[in-house]
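# Generate coordinates for the sequence data below:
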Amino acid sequence: KDSSRDADINKNIEQKEEAFNYIFNKHQKEYYKVYGTFFELIKKNKKLQDDNNKLTEIVNESILKKIVRKFRK
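From the prediction side, this is the model:
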């Protein structure tokens, strides 16, 4: 019985990971689409690059937190 329960748990974890990856990748694509032209401008300006790196970290972190919250429910 234990082994089938473990298999169910592992399957559940895998499904959550797949869902997480799907949502995360979808958000990433949208993010890069919106900021694509912004990135082009940034390549030409060092201060903007530094600011953008901070911004990217903050945005990615907030997306991750939202996704993690969804799975905790």
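# Mind pulling up the pLDDT for the spatially most central residue of the chain?
Geometric centre of the chain, nearest residue: Phe24, 3.6 Å, by CA atoms, centre = their mean. Per-residue confidence (pLDDT) for Phe24: 83.
# One more: the one 4 residues further on?
Gln28 is assigned a predicted lDDT (pLDDT) of 81.
# which stretches of this protein form helices?
Secondary structure of the chain by DSSP state H: the helices cover 2-42, 46-72.
# ok, back up a step: show the contacting residues for the residue nearest to the centre of the chain.
Phe24 makes contact with Ile63, Leu64, Ile67, according to CB atoms under 8 Å, 6 or more residues apart in numbering. The C-beta positions use only the backbone N, C-alpha and C, and glycine is treated the same way.
# Apply 10 Å and report the result again.
Contact partners of Phe24, counting by CB atoms under 10 Å, 6 or more residues apart in numbering, are Asn60, Ile63, Leu64, Ile67.
# Now do Val68 against Phe24, distance only.
Separation of Val68 from Phe24 (CB to CB, to the nearest Å) stands at 10 Å.
# Hmm, I typed the wrong one, I wanted Arg69.
Arg69 is 13 Å from Phe24, by CB to CB.
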